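> Make a model of this:
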Amino acid sequence: QNEDVPLDHVQESMDVNELSRNTIMNVAGTGVLVEGGRRATLTGNRIMEGGLGVEIRGRGTRARLRNNHLEGGSSAGVLVSQAAQADMQGDCIQAHALAGVEVNLGGNVTMERVQIINGAGPGLYCHQNGASRVTECQVVMNGRAGIEVASQATVQLYENRIAHNAACIHKHDD
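Predicted coordinates:
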């Protein structure tokens, strides 16, 4: 089925706020959508060959991502926007057409030990008042900068490996 399946729909119909060890493939839109002030935990999932892997959006919306594998999407791997928050640990994001992780419109993401590999766009793209804290991550072999930051965004980098990208860190105006 090639439709978005919003996580809030899953929560209402099945009282589920945790997705664990699932495979989500070939979804034309968004693989997993968390919105509307919901809280969700995604652990050990494989989200592959679709559009946008995981989208977290809206004030009060929070998601924890642990040890997920996102690969081969035609958009970003993870998008955090509209004042949503995400906490990522041990995830692997690879071969996406746009950013591995994009943070904008007041979104906030904390990443630890995340791998962002072999994407066509930047590894991390933070813009439009987005904020990111990146610790012990590997951002390698991406087609644009490993870390791309617009002037209205905030990024904190600690003990990362950023290598073999088109550029290491690119800071520019919005």
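
> The chain: helices as residue ranges?
For the chain, helices defined by DSSP state H occupy the ranges 7-14.

> Tell me how many other residues surround N160.
By the criterion of other CB atoms under 10 Å, N160 has 19 neighbours. Glycine gets a C-beta too; all of them are placed from N, C-alpha and C.

> pretty sure it is touching V140, no?
No. Using CB atoms under 8 Å as the test, N160 is too far from V140 to be in contact (10.2 Å).

> Could you pull up the contacting residues of G37?
58-61 (CB atoms under 8 Å, 6 or more residues apart in numbering).

> among the residues you listed, who's most crowded?
Compared across the contacts of G37, T61 has the highest neighbour count, 26 neighbours, by other CB under 10 Å.

> in terms of contact, does that residue touch V34 like I think?
Yes. Taking contacts as CB under 8 Å, T61 lies within contact range of V34: 5.7 Å.

> any residues in contact with both of these two?
A84.

> which residues pair with the spatially most central residue of the chain across the strands?
Per CA atoms, centre = their mean, the C-alpha nearest to the average position across the chain is that of V78, at 2.0 Å. Per DSSP bridges, the residues bridged to V78 are V54, V101.

> contacting residues for T23?
By CB under 8 Å, 6+ apart, the neighbours of T23 are 45-46, 48.

> ok, it to L70 distance?
Per CB to CB, to the nearest Å, T23 is found 12 Å from L70.

> overlap in contacts of these two?
M48.

> mind checking how far stretch 115-126 is from the chain centre?
10 Å (CA atoms, centre = their mean, to the nearest Å).

> cool, stretch 63-81 as well?
With CA atoms, centre = their mean, you get 4 Å for stretch 63-81.

> Dump the contacts of G37 to a markdown table, plus pLDDT and distance to R113.
Formatted as a markdown table, the contacts of G37 follow (pLDDT from 0 to 100; distance: CB to CB, whole Å):
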| residue | pLDDT | distance to R113 |
| --- | --- | --- |
| G58 | 96 | 27 |
| R59 | 96 | 28 |
| G60 | 94 | 27 |
| T61 | 94 | 23 |
